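S.K.: Predicted model, plus sequence, below.
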Amino acid sequence: MKCLLDVSTLVALGIAEHEFHVRVANWVRDLGAAEPLELATCSITEIGFVRIVAQTPQYAFNVSEARMLLLRLKERHGEVFTFIADDHDATRLPGWVKSPKQVTDGHLVQLAKANGAVLATLDRGIPGAFLIPD
């Protein structure tokens, strides 16, 4: 299974103190044991990871440290991580995108689909995405 991780999923996987870290880490472990697993990031999800981790006071990382944390996360899971180059513009947004809050989610769903992947998320409200189980 090839999964493009959204920002919240990537942060949860990378930060042991995150409220959903165990949920995401268990999903990665269990899915990887059951079938070949390919986790993907893209520019949006990596930049979002760095931004969230660096601006969240309880994580106490600066931008440089957040970048290094992301690199270590990808190296630790190196055999399963890939990077999806983003060549999609706004014309590819799905029809269900009606509000500004849905734009990034819609973009990521379409980017994943175009690259043989599914968007993996903790958000129940994204059509066409895979909801990581509890």
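M.R.: In hand now; what should we look at? Numbers count the residues shown, from 1 in each chain.

S.K.: isn't residue 96 right up against residue 109?
M.R.: No. Contact criterion CB atoms under 8 Å: residue 96 and residue 109 do not qualify, at 9.0 Å. All C-beta atoms are positioned from the backbone trio N, CA, C, and that covers glycine.

S.K.: Can you work out which residues contact both of those two?
M.R.: Shared contacts of residue 96 and residue 109 (CB atoms under 8 Å, 6 or more residues apart in numbering): residue 127.

S.K.: distance between the worst-scoring helix or strand of the chain on mean pLDDT and the chain's centre?
M.R.: Scoring the helices and strands of the chain by mean pLDDT, DSSP states H and E places helix 21-34 at the bottom, with a mean of 88. Remark: helix 21-34 is offset 14 Å from the chain centroid, using CA atoms, centre = their mean, to the nearest Å.

S.K.: go on, stretch 12-30?
M.R.: 12 Å.

S.K.: CA-only coordinates of that stretch, as PDB, when you get a sec.
M.R.: Only the C-alpha atoms of stretch 12-30 are listed here, as PDB (Å, rounded to 0.1, in the frame of the first residue of the first chain):
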ATOM      1  CA  ALA A  12       2.100  12.300  14.800                       C
ATOM      2  CA  LEU A  13       4.500   9.700  13.500                       C
ATOM      3  CA  GLY A  14       7.500  12.000  14.100                       C
ATOM      4  CA  ILE A  15       6.700  13.300  17.600                       C
ATOM      5  CA  ALA A  16       6.600  10.700  20.300                       C
ATOM      6  CA  GLU A  17       4.700  13.100  22.600                       C
ATOM      7  CA  HIS A  18       2.000  13.800  20.000                       C
ATOM      8  CA  GLU A  19      -1.500  12.600  21.200                       C
ATOM      9  CA  PHE A  20      -1.800  10.300  18.100                       C
ATOM     10  CA  HIS A  21       1.700   9.000  17.900                       C
ATOM     11  CA  VAL A  22       0.900   5.500  19.200                       C
ATOM     12  CA  ARG A  23      -2.100   5.200  16.800                       C
ATOM     13  CA  VAL A  24       0.000   6.200  13.800                       C
ATOM     14  CA  ALA A  25       3.100   4.200  14.800                       C
ATOM     15  CA  ASN A  26       1.000   1.100  15.400                       C
ATOM     16  CA  TRP A  27      -0.800   1.500  12.000                       C
ATOM     17  CA  VAL A  28       2.600   1.800  10.300                       C
ATOM     18  CA  ARG A  29       3.900  -1.300  12.100                       C
ATOM     19  CA  ASP A  30       0.800  -3.400  11.600                       C
END
